[in-house]
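Undergrad: here is the input, now give the coordinates:
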Amino acid sequence: MSTRLAGKTALVTGAGSGIGLAVAQRFAAEGARVYFADINAEAAEKAAAATGSELAAALPVDISDEGSVEAAYASVAAGGPLDIVVANAGVQLFGQDAKVGELSLEVWEKTVAVNHRGAFLTLKYAVRALQGRGGSIICTGSPTAVVACGQTFTAYSSSKAGVHGLARVVAADYAREGIRVNTVVPGYTETPLVQTIADDPASRAGLVDSTMLGRAGTAADVEGIMVYLASDESAYATGGLFTVDGGLTAL
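TA: As a prediction, this is how the structure comes out:
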């Protein structure tokens with residue numbers, strides 16, 4: 001394993017499972033000090049401990065709550081400057097999200113609170129932490145914000161489109177301060193977030209068949225692009241949309 005992130009400090013939200021877990025563990029393996037941030041404190045503790053690194057730490061946080069986010073960043077700042085933030089945490093409410101005419105306000109607001117407001121708060125305090133030294137912010141987006149592959153997931157698709165727009169405007173506003181902001185768009189990736197799809201053979205087959213590579217993605221498939229965008233190798237990349245979707249959005 002290389003050490004492309006040696007000497008850097010990263011905060012990864014949603015690091016207790018799925019893509020966030022894989023990315024945070026990879027960052028640690030690449031030499032970074034990593035804060036495994038998650039609303040599930042136990043999952044965050046377990047994930048950080050599993051690295052076996054003294055540079056990995058759990059960070060309980062509710063990204064939909066500004067006070068919680070502000071406190072989490074203050075805790076990180078007490079340990080030293082921050083270089084990388086991955087705004088990855090999110091929800092997708094299977095069995096509740098629906099077509100717009102059938103969608104409840106409660107489900108809409110719950111989804112937007114985590115996915116869009118949570119990303120906003122994560123980036124709000126990220127840029128404050130990075131100002132004066134620069135750094136990299138990476139948002140986890142979704143193909144549902146790019147093409148019409150999220151039928152019936154009105155709240156989720158809309159919230160992720162909001163994340164894409166947020167990343168672009170923050171990239172534009174802070175580029176001259178050395179803060180880079182990019183969005184990674186994973187395709188159908190088999191993680192606990194979408195276990196409902198994996199449990200439905202027909203739904204899974206439909207998504208797999210719609211990808212050029214003809215297979216589901218894994219959290220490990222997303223690690224490499226995240227390391228690249230977190231590292232100095234991507235010093236000229238900002239405002240970008242990087243797809244890791246097996247070709248789903250190219251069709």
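Undergrad: how distant is the helix or strand in which residue 49 is found from the center of its chain?
TA: Assigned by DSSP states H and E, residue 49 belongs to helix 41-50. Between the mean C-alpha location of helix 41-50 and the chain-wide mean there is a distance of 17 Å, by CA atoms, centre = their mean, to the nearest Å.
Undergrad: for that helix, list every residue counted as buried.
TA: By neighbour count on 16 or more other CB atoms under 10 Å, the buried set for helix 41-50 is 43-48. For glycine as for every other residue, the C-beta is placed from the backbone atoms N, C-alpha and C.
Undergrad: next: stretch 242-251.
TA: Judged by neighbour count (16+ other CB under 10 Å), stretch 242-251 contains these buried residues: 242-246, 248-249.
Undergrad: now, those residues that are in strands?
TA: Judged by DSSP state E, the buried residues of stretch 242-251 include 242-244 as members of strands.
Undergrad: from these, which is closest to residue 160?
TA: Looking at those and their distance to residue 160, the nearest is residue 243, at 13.2 Å (CB to CB).
Undergrad: how far away is that closest one from residue 168?
TA: Look at residue 243 and residue 168: by CB to CB, to the nearest Å, they are 15 Å apart.
Undergrad: picking up where we left off before, could the ones in strands among the buried residues of stretch 242-251 go into TSV alongside pLDDT and distance to residue 55?
TA: Listed next are those as TSV, based on pLDDT from 0 to 100; distance: CB to CB, whole Å:
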residue	pLDDT	distance to residue 55
242	98	26
243	98	30
244	97	26
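Undergrad: dump these to TSV, plus distance to residue 225.
TA: Converted to TSV, those look like this (distance: CB to CB, whole Å):
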residue	distance to residue 225
242	5
243	9
244	6
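Undergrad: give me the distance from the lowest-mean-pLDDT helix or strand in the chain to the chain's centre.
TA: Of all helical and strand segments in the chain, the minimum by mean pLDDT, DSSP states H and E falls on helix 195-198, at a mean of 80. Using CA atoms, centre = their mean, the mean C-alpha position of helix 195-198 is found 19 Å from that of the whole chain.
Undergrad: name the helices or strands packed onto the helix or strand immediately after it in the chain?
TA: Moving toward the C-terminus from helix 195-198, the next helix or strand (DSSP H and E) is helix 201-209. Using 3 or more CB pairs under 8 Å, 6 or more residues apart in numbering; DSSP states H and E as the contact criterion, the elements in contact with helix 201-209 are helix 195-198.
Undergrad: what comes up buried for the helix it packs on?
TA: Within helix 195-198, the residues that qualify as buried are residue 197, counting by 16+ other CB under 10 Å.
Undergrad: ok, stretch 101-121 next?
TA: In terms of neighbour count (16+ other CB under 10 Å), stretch 101-121 has its buried residues at 103, 107-108, 110-121.
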